[in-house]
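[1] A structural model of the following input is requested.
(2 chains)
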Number of protein chains: 2
Amino acid sequence: MKKSPMFGKLTVLGTGLLGASLMQAAKARGLCQQALAWSRRPETRLKCEQQSWCDGVYPTASEAVADADLVVLAVPVINIVPLLEEIAPALKAGALVTDVGSTKSLICRHGNAAMPERATFVGSHPMAGSEKAGLEFASETLFEKRACFVTPLVDTPAPAVEKILRFWRELGMEVATTTPETHDEIVAHISHLPHILASVLCETLAAKDPAWRNYAGNGLRDTTRIAAGDPHLWKAILLENREEILRAMAGFEEHWQQMRAAVANNDPFAIVNLLEKGKAYRDAVRND
Amino acid sequence: MKKSPMFGKLTVLGTGLLGASLMQAAKARGLCQQALAWSRRPETRLKCEQQSWCDGVYPTASEAVADADLVVLAVPVINIVPLLEEIAPALKAGALVTDVGSTKSLICRHGNAAMPERATFVGSHPMAGSEKAGLEFASETLFEKRACFVTPLVDTPAPAVEKILRFWRELGMEVATTTPETHDEIVAHISHLPHILASVLCETLAAKDPAWRNYAGNGLRDTTRIAAGDPHLWKAILLENREEILRAMAGFEEHWQQMRAAVANNDPFAIVNLLEKGKAYRDAVRND
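    Residues are numbered from 1 along each chain as shown, chains lettered A, B, ... in the order given. Now for the predicted structure:
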């Protein structure tokens, strides 16, 4: 007997890398009967329409969500709240709404407030992605074995949270539930701070002789890869999570000063001690 | 007609990842008739002896180099100069000596001084490697398509330099000639600074909740990978190239302050501008 899908209609708003991969993965794993979409740009809508995993594309977000059981907003963080407000009147009774935004406090607070009685918003942050953007790079395996945060508020109904948790799990993700605030503190450290470091390193190297990049080893390539991410997308993330990021930057500065002092003081014991702490942490990060 | 090998006997001192890969690659590409080795630890010598690409292992470095046409020192940077001094009396007439050390100024100055009239030292730095250490991870393709610096002094005989350049090229490397000082400035920026950043980021995260690493995405994994490198090896590199590294760290701090000010000031234009500079640099780094 074939398992019946979790959702009848899934609507994804925004069909970039994440949105398109989500439609593809949900269809491949039979999580919805139909995967519907809206995208801001007409040319993206046209491209999406031609995909085998897309069952319909609408010219407006409200039309796209009208009959949806699950709506996923996969647009840049600054567009999430306005888009939630736009689609709210069009949501059907019992609709579940989530997002894939990299920051959660503001989105969850406003998202919850924007919902009509008959629908529920639960914030999500699937930590899948790539420095490559766009539907062209979509992959149905993008979510597999990646971490996903689900960030309900205290008054979010438990069955809605459960359903969202199950949805991401069925996509192969390893799901964690936190408050939106804890989420923002965590990602400020493990995602936004690394992004800033990669970018500032590249800015530093660009200001020296850019031809040196021809000598780049694997180390530099890996360390800087995420600096290739979309500047506008990341600008919005940095501003939206500004306070947590400034705290994470201050934490980094403290440790940076220790290392600089150890090198400046020609202190082999202090240097080894710091490098060993770094290695111990990194050795315990899983590599898959 | 079979091409005759560049060297009769190649002796590699130190059979860690780099040294062992070098023997393997040189044999595979027919660059030497015999690949001989010495290693400090008896158990490593035993392991090396059992490899198909190894034609002989000696209990002392001087015995290993006695009849060698090319000697490559593949030991940690702090051991290179003492080892050069140790083997100098044992070198045969016409012997070429090079190394694989990550810093060049001190090594080349002392290396040159340590050589007897009948032998020539030319510094090298093949930018191949891995955070994994040891003969077990050796690979004959380790050097392919990687950058390699060759750093002769002004009075190094041109034919010796040419032969060393050709040796690395035959291993598939992309070779660049610079002064030892320019080399050290370049690698302080493109290799040592990234290593410090990865390590300090890990130290920062270790001081917060280490369990957060379970949420690590590809971004964090890539950005921190090199922090898993051997702390003692890297301590020696940081101290040996201390002045250039402190200059590179100061350069990084300048750009870091700009980014922090842009975030603190809530300035979207400044943030995008900085991220775009970083992205432009990274987009031009080759990804192979």
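
[2] Contacts only, for A:Gly94.
    A:69, A:118-119 (Cβ atoms under 8 Å, 6 or more residues apart in numbering or on different chains). All C-beta atoms are positioned from the backbone trio N, CA, C, and that covers glycine.

[3] what do you get for A:Ala206?
    By Cβ under 8 Å, 6+ apart, the residues touching A:Ala206 are B:277-278, B:280-281.

[4] Next one: the residue lying closest to A:Ala284 once chain neighbours are set aside relative to A:Thr178, how far apart?
    Nearest non-adjacent residue to A:Ala284, counting by Cβ to Cβ, 6 or more residues apart in numbering or on different chains: B:Arg213, 6.2 Å away. B:Arg213 sits 15 Å away from A:Thr178, going by Cβ to Cβ, to the nearest Å.

[5] Over to A:Asn241?
    14 Å.

[6] how far is stretch A:94-112 from where the chain is centred?
    On the basis of Cα atoms, centre = their mean, to the nearest Å, stretch A:94-112 sits 12 Å off its chain's mean C-alpha point.

[7] CA atoms only for that stretch, dumped as PDB, please.
    Output in PDB follows, covering the C-alpha atoms of stretch A:94-112 (Å, rounded to 0.1, in the frame of the first residue of the first chain):
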ATOM      1  CA  GLY A  94      -5.700  24.900   8.700                       C
ATOM      2  CA  ALA A  95      -2.900  26.100   6.500                       C
ATOM      3  CA  LEU A  96       0.600  25.700   7.900                       C
ATOM      4  CA  VAL A  97       3.200  28.300   7.000                       C
ATOM      5  CA  THR A  98       7.000  28.100   7.500                       C
ATOM      6  CA  ASP A  99      10.100  29.700   6.000                       C
ATOM      7  CA  VAL A 100      13.700  29.000   5.400                       C
ATOM      8  CA  GLY A 101      15.200  32.300   6.700                       C
ATOM      9  CA  SER A 102      18.700  32.400   8.300                       C
ATOM     10  CA  THR A 103      17.400  34.700  11.100                       C
ATOM     11  CA  LYS A 104      14.500  33.900  13.300                       C
ATOM     12  CA  SER A 105      13.600  36.400  16.100                       C
ATOM     13  CA  LEU A 106      12.100  39.200  14.000                       C
ATOM     14  CA  ILE A 107      10.600  36.800  11.500                       C
ATOM     15  CA  CYS A 108       8.900  34.600  14.100                       C
ATOM     16  CA  ARG A 109       7.600  37.500  16.100                       C
ATOM     17  CA  HIS A 110       6.100  39.300  13.100                       C
ATOM     18  CA  GLY A 111       5.200  36.100  11.300                       C
ATOM     19  CA  ASN A 112       3.100  35.000  14.100                       C
END
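
[8] which parts of it are buried?
    Buried residues in stretch A:94-112, counted by 16 or more other Cβ atoms under 10 Å in any protein chain shown: A:95-108, A:110-112.

[9] can you check stretch A:14-26 too?
    Applying a neighbour-count criterion of 16+ other Cβ under 10 Å, one finds A:14-26 buried in stretch A:14-26.

[10] same deal with stretch A:202-213?
    Result for stretch A:202-213 [16+ other Cβ under 10 Å]: buried residues A:202-206, A:208, A:212-213.

[11] With pLDDT and secondary structure added, can I get those residues in a markdown table?
    Below are the buried residues of stretch A:202-213 laid out as a markdown table (pLDDT from 0 to 100; DSSP: H, G, I helix; E, B strand; the rest coil):
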| residue | pLDDT | secondary structure |
| --- | --- | --- |
| A:Cys202 | 97 | helix |
| A:Glu203 | 97 | helix |
| A:Thr204 | 97 | helix |
| A:Leu205 | 97 | helix |
| A:Ala206 | 96 | helix |
| A:Lys208 | 94 | coil |
| A:Trp212 | 93 | helix |
| A:Arg213 | 90 | helix |
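
[12] okay, which residue is most central for chain A?
    A:Ser102 (4.4 Å; Cα atoms, centre = their mean).

[13] Which other helices and strands does the lowest-mean-pLDDT helix or strand in chain A contact?
    Sorting the helices and strands of chain A by mean pLDDT, DSSP states H and E puts helix A:218-224 at the bottom, at a mean of 91. Counting contacts by 3 or more Cβ pairs under 8 Å, 6 or more residues apart in numbering or on different chains; DSSP states H and E, helix A:218-224 packs against helix A:193-207, helix B:193-207, helix B:218-224.

[14] ok, back up a step: of the contacts of A:Gly94, closest to A:Ala61?
    A:Ala119 (14.1 Å; Cβ to Cβ).
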